[in-house]
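Q: Here's my sequence, what's the structure:
(3 chains)
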Amino acid sequence: MFLRNYWYIAAMPHEIGRTPLQRHILNEAIVFFRKEDGTPVAMADACPHRSMPLSQGKLIGDTLQCAYHGLEFDTQGRCIKISGQANVPPRCRVRTYPLAEKWRWIWLWMGDPEAADPAEIPDFHWNDDPEWTPTGGHFYIECNYNLLVDNLLDLSHETFVHPTTIGNAAVAETPVRTESDEAEVRVLRQINGQPAPPLYVKLKDFTGDIDRTQNITWTPPTNIVIESRSMPSGSNDPDMVLEYRVLNGITPATDRTTHHFWATPRNFAPEEAVTEAFHEGSVRAFSEDVAVLEHQQAMIEQQAASTGAPPRWIDINADRGGLLARSAVKRLFELEQAGQA
Amino acid sequence: MFLRNYWYIAAMPHEIGRTPLQRHILNEAIVFFRKEDGTPVAMADACPHRSMPLSQGKLIGDTLQCAYHGLEFDTQGRCIKISGQANVPPRCRVRTYPLAEKWRWIWLWMGDPEAADPAEIPDFHWNDDPEWTPTGGHFYIECNYNLLVDNLLDLSHETFVHPTTIGNAAVAETPVRTESDEAEVRVLRQINGQPAPPLYVKLKDFTGDIDRTQNITWTPPTNIVIESRSMPSGSNDPDMVLEYRVLNGITPATDRTTHHFWATPRNFAPEEAVTEAFHEGSVRAFSEDVAVLEHQQAMIEQQAASTGAPPRWIDINADRGGLLARSAVKRLFELEQAGQA
Amino acid sequence: MFLRNYWYIAAMPHEIGRTPLQRHILNEAIVFFRKEDGTPVAMADACPHRSMPLSQGKLIGDTLQCAYHGLEFDTQGRCIKISGQANVPPRCRVRTYPLAEKWRWIWLWMGDPEAADPAEIPDFHWNDDPEWTPTGGHFYIECNYNLLVDNLLDLSHETFVHPTTIGNAAVAETPVRTESDEAEVRVLRQINGQPAPPLYVKLKDFTGDIDRTQNITWTPPTNIVIESRSMPSGSNDPDMVLEYRVLNGITPATDRTTHHFWATPRNFAPEEAVTEAFHEGSVRAFSEDVAVLEHQQAMIEQQAASTGAPPRWIDINADRGGLLARSAVKRLFELEQAGQA
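A: Numbers count the residues shown, from 1 in each chain, chains lettered A, B, ... in the order given. Below you'll find the model as predicted:
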């Protein structure tokens, strides 16, 4: 159950170049490359002739040549040359996918190409804004994408999963306020007068208690922006504010694997050394999530195999954001299916 | 098809401690640990909240804390704490399993907890008796448990699989007597005036022919005691008797994997050096069985995949014990199913 | 869908000896060995008693002894000894398969043994003819056998897959003539006045353009002979002719794996150094095919998993030979099935 009429992050800009790249997205194999003028291109990776992966082929100018029998495809997916014969059947073509490069990511549209409007790309501007200093990366995780959405909409896990970086007891003990409307789900947490977690002490030399805000916004299908702002309790010194965003583009690869494109732009201390500390802390924390998510996926599969059905879960208060997001996706999926019918 | 209202060996005592241990038994993932007072505990390994394996969690006193969202469970499987909320839903609990520590093993009851009676643990007293010197271990074998039961109820294979330790021509050439009643299957072999196999010569310096007794007792579901006694033919010297037991706790892990808990207690020469020789000889012989059983399982799966049905086998006389045990399990399984209906 | 009443190459002669060899053919596990007089034997690899692979057993003279319980089988597949019992049930036997050693290969008949006639072994005489100097080998490829048949019936791929050995632009650009009748499919290509590909220059020091003939003959189920002959354009010098055959025995191992037995006998320059150059060039080119075929198989499986159906392909002119061969196999398969009904 994947929503299709949405933009998904497919790659970081430097990942796509003149060597074709295969990536699985929504259970489809897709090949990515750049034209000579730098424009990114995405098309179905299977040659329509005999299913050779086009990502094994090579670029001749803007033409992608299949590695097996040399069929050549233009960037519209049309076959324009078959060696040894004069005519090319018009139905010899591969599907292409609209792409857009925005906020220092490559976005892919998996739905009706007519409906692809770059204006609908979610607002991740902090990753491409002179006021903010970004860093980011890509994880390929062996779990269903919903598990990662759940993870990012319930940060109470920071206390238990990330105690050496961004988590401490204050996070899980502070309840959240959850709001939603048609367009988004918001999970809001305000922690006041509590100790700072280890990474914050390292980044900002906090010596006493802090006030910490975690505001999460989910928009469909899988975009999550976490607004994080901390400062010493009672302080008004703008230099002591630690503010950053956690931008998450969650792209289902298959039913049981997920791409996680992340960035943690901040609006202070743009020095390279601070960027390195941010990068290292982020990678460490996300790696802890990867371990949890893959253990969770393995157990879900074990339970399903053993009982013949997916496990039935007990919900807790902190799950409200994740449950609202799942409901919204279900509703939007039904709308999409109805629209196609 | 697993019998449930029986005790199965789940672990050797030293395997279970203050670090939670995951083990699959009868297709279920179970977490084991010890309370502060040393009592062993077993519960379903999936957190009822979101299926995180509890075996990834940590013990706080006698409480097991989930590694993901910190839910805490007491040794009755009841959730007693959910961070950030005052109430814990009563149905937030995991199944626990009765355990008993006996004969230097941890026994697990997979059936109706009301029916768990430690008095029904099979008599493996030789493994915890001052008159006997034990050694033992654990194999995890990629085969269905029935193949290991068959293996231990037909020792004619010693001639072909274990020629460097406990097997020689005399074993396979001497027919067995097979007996059974409701409660057990017995396979009895008496070899008289035949050469000793290599390991026996090593252990006891036999120079001439020996008389050798192999009496096997199977009790449901999968307990096998082999009584082995050898002495020089015609001798009455009690110092020349080589007597030991092979105790086998066979615990299905999944449909195609099996735990083999074994011990070979002896009633002579308690010195450490002899224990080492016994241990080494036992591990070598059982490792030969593991290789055979995994080849056999692979071929059965290949035949089933190729023909769409399990292979049909030709029985020989030596199979009678194994066939009787399989029949008894089938009968008992039908009784168990009827009892539940 | 495998044709059975045909000879398939099962092994190169040196692969079969006094150590039993397991090989999967048409989804069946088969054990091969040689009798003391050198005659090769093939039988089902599963012991009829308990499915132990007989290929794990050992030869006692011409008798194969099972590694588990020591059952002994003669070369007719009859069990002739069961330890510990006087009688052997007559139905305790394994299927044997007719074998023939011809053209320096071991041929296996998978169908009705009564119908096995070595006269039907295809003409691969070039591999065992004093006028020709052979070299050859065996690849185990993770692809359905049809993909390899397609590969060898459409050599236009040489241009794209083998540009450093036998391919250049002339191959793909020169159309083929395809002929077929009940008994075979022929694909004929004549290239005149074109540059020689790299391996040919290396083997024959061609300095100018050449005329090159590629005549392919497929016979059912999977035999392919490629007749290759090249000479300088306009030359009549017999010493400047480069002529060889590519003999291909394609034997399905499973639905998704294939044995490729190949040889490239030539009728010139029998020196060992030239044989080495032929062998090295052949292995390099076939290894390039293996990479292509395994990528192709992986994509076909990905497409089938993603859409629930095999991909539908667009055919090009060069596919005609492969399509005719597939049609012929389908027709012959229906005849075989009808004959059995």
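Q: For whichever residue of the stretch 101-250 of chain A sits closest to chain B, give me phi and psi.
A: Of all residues in the stretch 101-250 of chain A, A:Ala172 sits closest to chain B, at 3.6 Å by Cβ to the nearest Cβ. C-beta here means a position set from N, CA and C on the backbone, and glycine is covered the same way. The phi/psi pair for A:Ala172 (degrees, to the nearest 10) reads phi -70, psi -30.
Q: residue contacts, it?
A: A:Ser156, A:His157, A:Glu158, A:Thr159, A:Phe160, B:His69, B:Gly70, B:Ser83, B:Gly84 (Cβ atoms under 8 Å, 6 or more residues apart in numbering or on different chains).
Q: And for A:Glu272, the neighbour number?
A: 8 (other Cβ atoms under 10 Å in any protein chain shown).
Q: How about A:Asp128?
A: For A:Asp128, the count of nearby residues is 14 (other Cβ under 10 Å).
Q: Likewise for the one 10 residues further on?
A: Under the neighbour criterion other Cβ under 10 Å, A:His138 is assigned a count of 15.
Q: isn't it right next to A:Met12, touching?
A: Yes. The pair A:His138 and A:Met12 passes the contact test of Cβ atoms under 8 Å, sitting 6.1 Å apart.
Q: Pull up the overlap in contacts between these two.
A: With Cβ under 8 Å, 6+ apart as the test, A:His138 and A:Met12 both reach A:Phe261.
Q: Distance of A:Leu59 relative to chain B?
A: Distance, A:Leu59 to chain B, using Cβ to the nearest Cβ, to the nearest Å: 42 Å.
Q: again, but for A:Ala318
A: Look at A:Ala318 and chain B: by Cβ to the nearest Cβ, they are 6 Å apart.
Q: List the contacts of that residue.
A: A:Asp154, A:Ser156, A:Pro175, A:Val176, B:His69, B:Ser83, B:Gly84, B:Gln85.
Q: Emit the ChimeraX select command for whichever of those are buried.
A: Buried members of the contacts of A:Ala318, defined by 16 or more other Cβ atoms under 10 Å in any protein chain shown, are picked up in ChimeraX with:
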select /A:154,156,176 /B:69,83,84
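Q: is it possible to export the contacts of A:Ala318 to CSV including pLDDT and distance to A:Arg312?
A: What follows is the contacts of A:Ala318, written out as CSV (pLDDT from 0 to 100; distance: Cβ to Cβ, whole Å):
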residue, pLDDT, distance to A:Arg312
A:Asp154, 98, 19
A:Ser156, 97, 21
A:Pro175, 95, 25
A:Val176, 97, 24
B:His69, 98, 17
B:Ser83, 96, 22
B:Gly84, 93, 22
B:Gln85, 94, 20
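Q: taking the contacts of A:Ala318 one by one, which sit in strands?
A: Assignment to strands by DSSP state E places none of those there.
Q: who in chain A is up against chain C?
A: Counting by Cβ under 8 Å from any Cβ of the partner chain, the residues of chain A close to chain C are A:24, A:27-29, A:45-46, A:48-53, A:56, A:65-71, A:82-85, A:89, A:91-92.
Q: which residues sit in contact with the residue in the stretch 51-200 of chain A that chain C sits nearest to?
A: In the stretch 51-200 of chain A, the residue found nearest to chain C is A:Ser83; the distance is 3.6 Å by Cβ to the nearest Cβ. Applying Cβ under 8 Å, 6+ apart, we find A:Ser83 in contact with A:His69, A:Gly70, C:Ser156, C:Thr159, C:Ala172, C:Glu173, C:Ala318.
Q: right, and the pair among these with maximum separation?
A: Among the contacts of A:Ser83, the pair separated by the greatest distance (Cβ to Cβ) is A:His69 and C:Glu173, at 12.3 Å.
Q: In the host helix or strand of A:Gln296, which residues are buried?
A: Assigned by DSSP states H and E, A:Gln296 belongs to helix A:272-307. Buried residues in helix A:272-307, defined by neighbour count with 16+ other Cβ under 10 Å: A:274-275, A:277-278, A:281-283, A:285-286, A:288-290, A:292-293, A:295-303, A:306.
Q: Equivalent analysis for stretch A:242-257, please.
A: So stretch A:242-257, judged by 16+ other Cβ under 10 Å, has buried residues A:242-254, A:256-257.
Q: circling back to that earlier point, pull out the buried residues from the residues of chain A next to chain C.
A: A:24, A:28-29, A:45-46, A:48-53, A:56, A:65-71, A:82-84, A:92.
Q: burial of A:Pro197, as a residue count?
A: Neighbours of A:Pro197 using other Cβ under 10 Å come to 24.
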